[in-house]
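Engineer: Sequence and predicted structure below; questions after.
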Amino acid sequence: MKIPVTHLCYPLASLPDSVHAPILREYAANGAKHIVLASSLIGRMLQEPDFIFKMKKTLAETGLDFCDAHAPWGTWSDLGIPLGEYRKLAVAQQRAAIRLCGIFGVTTMAFHTGTTFNSVFGKNRTLEDYYQALLRSLEELLPTADECGVIIALENQGTPLNHSGRLLRIVQEFNSPRLGLCYDTGHGNVAEKGRGCPEKTYLPGIWNDAGLEVEWEENLIEKFLPWLVNCHLHDNDGMNDQHKLPGDGVVDWKRIVSNLEKAPRLHNIQNEAITTYPNGYTIKGACRLFNELVGHIEQAGKDKK
């Protein structure tokens, strides 16, 4: 199967408009077809509506498009805020973000479910409080997603509200074509390998803030397969979320490739390695590696036939 690759241009929204086209031309010159409608771009579009038209023009000039998006994220933007009025504000923001996806023809949008910071939201909060808030947010957003032709993809982060057990329960109970899962290889790597050195990872602090012990993951991508609609691909050392290129960490890429080939609902894969401008991985190197990675996925499919 032919899988679209979309590239996350981390700092684009914060850079002068004059450098947007040159950066995107470099992606196009190295074989890229798609970039990510990133949360930072969405944020700027919501603040400056004329930036929507500027971005449409830049994409047309460079021959690229958006085919995947990342929803606004953070403590006050995520879907599981257990404070009613603040949750309504977050839902309003996310509804506008989904409509932007509709404008650009984006079909998948990754969402963070939310943090479970009792230190922020109140020490007596339970995980069920966050979970019920998440369910209400999804109930309110799915009609907009359906109207705009967008699939809401809940992303694994290794934190309490997006542990695989809860995400799988949600997609199974909603059973909606407009709801799926996003597998993040970096987050998954820490959530699986971190059990061997928990004191060196960031997860215990997040879980402990909610009064919980870490529930480490296993066979995460395999569990996600039936509902997997997009995938954030990057590497790390199993302890930190480093956003390295595949092969520069300890992620088992043979396993990832084998599973992606089998995902029945997969729409695209995303390069989420840090290709910052002017620092970080080069655009040329990232594009070359992801073209090779897609080739391996496609070859895995041919080898099965």
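Structural biologist: Alright, I've got the coordinates.
Engineer: so where's the stretch 1-150 of the chain shaky on pLDDT?
Structural biologist: For the stretch 1-150 of the chain, the stretches with pLDDT under 70 are 1.
Engineer: What segments of it are helices?
Structural biologist: Under the criterion DSSP state H, counting those that start in this stretch, the stretch 1-150 of the chain carries helices at the ranges 20-29, 39-47, 50-62, 84-104, 118-121, 127-148.
Engineer: need those helices in CSV with distance to Val214, can you?
Structural biologist: No exception for glycine: its C-beta is placed from N, CA and C like everyone else's. Formatted as CSV, those follow (distance: least, CB to CB, whole Å):
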stretch, distance to Val214
helix 20-29, 38
helix 39-47, 26
helix 50-62, 40
helix 84-104, 26
helix 118-121, 16
helix 127-148, 13
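Engineer: just so I know, which of these lies nearest Thr275?
Structural biologist: Distances from Thr275 to each of those were compared by CB to CB, and the smallest falls on helix 20-29, at 8.9 Å.
Engineer: Output the closest one as PDB - backbone C-alpha positions only.
Structural biologist: Output in PDB follows, covering the C-alpha atoms of helix 20-29 (Å, rounded to 0.1, in the frame of the first residue of the first chain):
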ATOM      1  CA  HIS A  20       8.100  30.000   4.900                       C
ATOM      2  CA  ALA A  21       8.200  29.400   1.100                       C
ATOM      3  CA  PRO A  22      12.000  28.700   1.000                       C
ATOM      4  CA  ILE A  23      11.800  26.200   3.800                       C
ATOM      5  CA  LEU A  24       8.800  24.400   2.200                       C
ATOM      6  CA  ARG A  25      10.500  24.400  -1.200                       C
ATOM      7  CA  GLU A  26      13.400  22.600   0.300                       C
ATOM      8  CA  TYR A  27      11.000  19.900   1.500                       C
ATOM      9  CA  ALA A  28       9.500  19.700  -2.000                       C
ATOM     10  CA  ALA A  29      12.900  19.500  -3.600                       C
END
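Engineer: tell me the angle it makes with helix 50-62.
Structural biologist: Angle between the axes of helix 20-29 and helix 50-62 is 40 degrees (criterion: axes from the mean of the first three to the mean of the last three CA atoms, to 10 degrees).
Engineer: Buried residues in helix 20-29, which are they?
Structural biologist: Using 16 or more other CB atoms under 10 Å as the test for burial, helix 20-29 gives His20, Ile23, Leu24, Arg25, Glu26, Tyr27, Ala28.
Engineer: Check the gap between the residue most central in space within the chain and Cys231 for me.
Structural biologist: Among the residues of the chain, the one closest to the centroid is Ala110, at 4.2 Å (CA atoms, centre = their mean). Ala110 sits 9 Å away from Cys231, taking CB to CB, to the nearest Å as the criterion.
Engineer: what's the overlap in contacts for these two?
Structural biologist: With contacts defined as CB atoms under 8 Å, 6 or more residues apart in numbering, the residues adjacent to both Ala110 and Cys231 are Cys182.
Engineer: in the stretch 201-305 of the chain, which segments are predicted with low confidence?
Structural biologist: Applying pLDDT under 70 to the stretch 201-305 of the chain flags the ranges 277-279, 304-305.
Engineer: Go again with 80.
Structural biologist: Regions of the stretch 201-305 of the chain meeting the criterion pLDDT under 80 cover residues 276-280, 300-305.
Engineer: so where do the strands sit in it?
Structural biologist: 228-233, 268-271 (DSSP state E, counting those that start in this stretch).
Engineer: Out of those, the one nearest Arg44 is which?
Structural biologist: With CB to CB as the criterion, Arg44 lies closest to strand 268-271 of those, at 19.7 Å.
Engineer: how long is stretch 143-159 from one end to the other?
Structural biologist: The separation between the terminal residues of stretch 143-159, taken as CA to CA, to the nearest Å, is 27 Å.
Engineer: Which residues does the residue nearest to Leu179 when sequence neighbours are not counted form beta bridges with?
Structural biologist: Distances taken as CB to CB, 6 or more residues apart in numbering place Ile152 nearest to Leu179, at 5.3 Å, with adjacent residues excluded. Taking DSSP bridges as the rule, Ile152 bridges to Met109, Leu179.
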